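Q: Return atomic coordinates for the entry below.
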Amino acid sequence: MLLEKINSVRACSNGLKIDNDLHQFFPSRIGRLAVDLICLPLGLANYIQLSINSKATRSSNAIKTLAICSIVKNEAAYLDEFVRFHIAQGVDKFYFYDNDSDDNIMSVLEPYIKRGYVELNKIKGMSRQLDAYNDALRKHRADVDAIAFIDADEFMMPAPEFTTAKNAITSFFEHHPNACGLAVNWKLFGSNGYKTLEERPNLVTKAFTYRAADSFEKNWYIKSIVRPTRVLAFLNSHLPNCMSNRYCLNTKGEEVKSPLSRPCYDYL
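A: Down below sits the predicted model:
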């Protein structure tokens, strides 16, 4: 219990802008930990403030606005498909963090920026995934009902009974009103036998059609779709630290306490 409280306060340190900014200059695990410890008093104040705000905010379980947060580096060739696919799945907003790319990411995303779908942020340095996630959470805590923290090669697919991923996510939170997040297992795909980029179809979803069995060990990994007002911050890119009396659940409604959870795909 004490360790959970300490991790919650440290997560709230991670959620601070000054903590995130300092990580750029101290990217090693030891360096990041040192920054977190220095910022711990501020983290405690942030923890208290977020807890007070959470009690004052009684958010409904309806998912009216769904966003994706993703950190990318030289992935411009795949982003148009990623955005189009997820708009069709009901996603309303994309928070991209460009981690020192040198490709044409702006030209690909500019049409979606103009239409209000995409917000493009710059983030420099190594090991910045958690900083990107926490920055998006801090900026947009009150803006959207749910944020999926996934990579640009991860596609949210609803179970057959749902028309879109947004419908599936909405249904999940309606059935689990105390959940702070939905932990969704991977389904990992392989190379499809391609030896070169030239022989591969351009679209990721057309190119990769063969995957490992559900029982494959790496399919135990999860990514999280969170209710921003119900989580503190991220200390692990797969799983958020939740507010008190809130829980991250898998698609079977079981509590998930680590980045690994027995594969299940009841909603997504």
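
Q: Please enumerate the strands of the stretch 51-200 of the chain.
A: Here the stretch 51-200 of the chain has its strands, by DSSP state E, counting those that start in this stretch, at 66-72, 93-98, 118-122, 146-149, 179-185.

Q: Point out the one among those strands that comes closest to residue 78.
A: strand 66-72 (8.8 Å; CB to CB). Using the backbone N, CA and C atoms, a C-beta is placed for each residue, glycine as well.

Q: quick one: strands adjacent to the closest one?
A: Strand 66-72 has the following sheet partners, assigned by DSSP bridges: strand 93-98 (parallel), strand 146-149 (parallel).

Q: what does the longest one contact?
A: Yep, that's strand 93-98 we're talking about. 65-73, 79, 83, 86, 105, 109, 112, 117-123, 128, 132, 135-136, 139-140, 143-144, 147 (CB atoms under 8 Å, 6 or more residues apart in numbering).

Q: And the last one, by the same measure?
A: Contact partners of strand 146-149, identified using CB under 8 Å, 6+ apart, comprise 63, 65-70, 91, 95, 133, 136-137, 140, 156, 169, 173, 223-228, 234, 237, 240.

Q: On the pLDDT front, check the closest residue to residue 13 other than its chain neighbours for me.
A: The shortest distance from residue 13 to any non-neighbouring residue, by CB to CB, 6 or more residues apart in numbering, is to residue 43 (3.0 Å). pLDDT, residue 43: 78.

Q: Contacts only, for residue 43.
A: Applying CB under 8 Å, 6+ apart to residue 43 gives the contacts 9-16, 19, 36.

Q: Just the buried residues of the contacts of strand 93-98.
A: 65-73, 79, 83, 86, 105, 109, 112, 117-120, 123, 128, 132, 135-136, 140, 144, 147 (16 or more other CB atoms under 10 Å).

Q: Dump the C-alpha coordinates for the helix or strand that contains residue 249 into PDB.
A: Assessed by DSSP states H and E, residue 249 sits inside strand 247-250. C-alpha atoms of strand 247-250 as PDB (Å, rounded to 0.1, in the frame of the first residue of the first chain):
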ATOM      1  CA  TYR A 247      -8.800   0.500 -11.700                       C
ATOM      2  CA  CYS A 248      -7.400  -0.400 -15.100                       C
ATOM      3  CA  LEU A 249      -9.300  -3.500 -16.400                       C
ATOM      4  CA  ASN A 250      -8.800  -5.900 -19.300                       C
END
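
Q: Report all helices and strands that it contacts.
A: Contacts defined by 3 or more CB pairs under 8 Å, 6 or more residues apart in numbering; DSSP states H and E place strand 247-250 against strand 179-185, strand 222-226, strand 239-242.
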